[in-house]
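Asks: next comes the sequence, and after it the predicted model I'd like to discuss.
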Amino acid sequence: MVDSNMKHHFPCLWLPKAFLLLSLLFLPACLHAPGEAQLPAARLNYLDTIQKDMDVLVPDPRHPDDPFVLVTLREAMTGARERNGGIGACLVREATGEVVERGHNRQYEPYFRSDLHAEMDLLDRFEERMRLARSRNPGDPTYTDPRAATGLVLYTSVEPCPMCLTRIINSGIKKVYYAAPDINGGMVRRFDGLPPFWKSMAEGMVLEPARCSPALSEIAARLFRPMHVPGAKRLEAQSK
């Protein structure tokens with residue numbers, strides 16, 4: 001049996017909920033849409049075309065870096081569809097070919113982070129997961145150096161910028177391969193412009209274009225294309 005007092009209280013319970021639900025129905029759709037839904041139609045079509053080209057690509061045995069560059073391209077596509085930069089990166093254990101970490105540009109979404117280029121995102125994730133600590137006494141047999149990244153190779157879809165290159169140098173990783181050049185902002189081509197401290201830390205590093213299929217390099221450049229600035233073709237011609 002229902003208490004007669006309770007009968008009078010029921011409307012007080014459901015009416016506010018009803019008004020809340022009705023108000024939510026009229027909120028702008030953009031408040032609920034994922035990042036991809038906020039992309040202009042032309043941009044979505046552009047990315048969909050690239051995705052179709054990516055879907056039919058398979059690693060070419062003649063190009064040893066193809067499997068890893070493909071990983072960076074998938075990450076780059078994820079970044080681009082999230083309204084971030086279309087650049088991706090991965091970290092590979094050279095002896096086994098195991099991809100131990102992935103990352104992509106997250107500079108603008110879900111909120112602005114000026115540091116989160118693809119390589120920075122990758123290294124943040126890897127270092128946070130590993131949490132390596134340096135021993136206080138180098139003479140101790142258990143001494144560990146967090147920069148001893150022997151056997152790790154970093155692949156990125158685009159030539160690292162100055163910020164990312166110095167971060168990679170500081171991480172201790174000694175091999176870096178990139179799929180597409182960054183004519184205007186890449187630091188590998190401007191390596192001699194690094195301060196002496198960073199150049200000395202980078203001694204012995206491999207910083208080279210990836211040994212990948214031309215088709216993969218082209219897709220990396222297409223994903224990066226919206227970020228190119230005027231004059232890129234002219235600068236590229238001058239650098240040859």
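Replies: That came in fine, so what should we check first?
Asks: output the below-cut-off pLDDT ranges for this protein.
Replies: Filtered on pLDDT under 70, the chain yields the residue ranges 1-37, 226-240.
Asks: can you give me the strands in it?
Replies: Taking DSSP state E, the strands of the chain run over residues 88-93, 98-104, 152-158, 175-180, 206-209.
Asks: distance to Phe68 and mean neighbour count added to the ones you listed, as JSON lines?
Replies: (Glycine included, C-beta is placed from N, CA and C.) Listed next are these as JSON lines, based on distance: least, Cβ to Cβ, whole Å; neighbours: other Cβ atoms under 10 Å:
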{"stretch": "strand 88-93", "distance to Phe68": "5", "mean neighbour count": "25"}
{"stretch": "strand 98-104", "distance to Phe68": "7", "mean neighbour count": "19"}
{"stretch": "strand 152-158", "distance to Phe68": "4", "mean neighbour count": "27"}
{"stretch": "strand 175-180", "distance to Phe68": "8", "mean neighbour count": "25"}
{"stretch": "strand 206-209", "distance to Phe68": "13", "mean neighbour count": "14"}
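Asks: any idea which residue sits dead centre in the protein?
Replies: His104 (1.1 Å; Cα atoms, centre = their mean).
Asks: for Ser114, which of the strands of the chain is the nearest?
Replies: Smallest distance to Ser114 across those (Cβ to Cβ): 15.8 Å, for strand 98-104.
Asks: can you tell me which helices and strands the closest one packs against?
Replies: helix 66-81, strand 88-93, helix 118-130 (3 or more Cβ pairs under 8 Å, 6 or more residues apart in numbering; DSSP states H and E).
Asks: isn't Gly204 right up against Lys175?
Replies: No: using Cβ atoms under 8 Å, Gly204 is not in contact with Lys175, being 10.0 Å away.
Asks: rewinding a little: any chance of the strands of the chain in JSON lines, plus distance to Gln51?
Replies: Output for the strands of the chain, formatted as JSON lines (distance: least, Cβ to Cβ, whole Å):
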{"stretch": "strand 88-93", "distance to Gln51": "14"}
{"stretch": "strand 98-104", "distance to Gln51": "15"}
{"stretch": "strand 152-158", "distance to Gln51": "14"}
{"stretch": "strand 175-180", "distance to Gln51": "17"}
{"stretch": "strand 206-209", "distance to Gln51": "24"}
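Asks: nearest to Arg225, of these?
Replies: The nearest among those, by Cβ to Cβ, is strand 175-180 at 9.4 Å.
Asks: who's in contact with the closest one?
Replies: 65, 68-69, 72-73, 94, 152-160, 168, 186, 188, 205-212, 216-218, 220-221, 224 (Cβ atoms under 8 Å, 6 or more residues apart in numbering).
Asks: ok, stretch 51-61 next?
Replies: Against stretch 51-61 from outside (Cβ under 8 Å, 6+ apart): Asp66, Pro67, Leu70, Leu73, Arg74, Met77, Ser213, Ala215, Leu216, Ile219.
Asks: now the closest residue to the second one other than its chain neighbours: how far from Leu91?
Replies: Pointing back at Pro67 there. Among residues not flanking Pro67 along the chain, Pro59 sits closest, at 4.7 Å (Cβ to Cβ, 6 or more residues apart in numbering). Per Cβ to Cβ, to the nearest Å, Pro59 is found 18 Å from Leu91.
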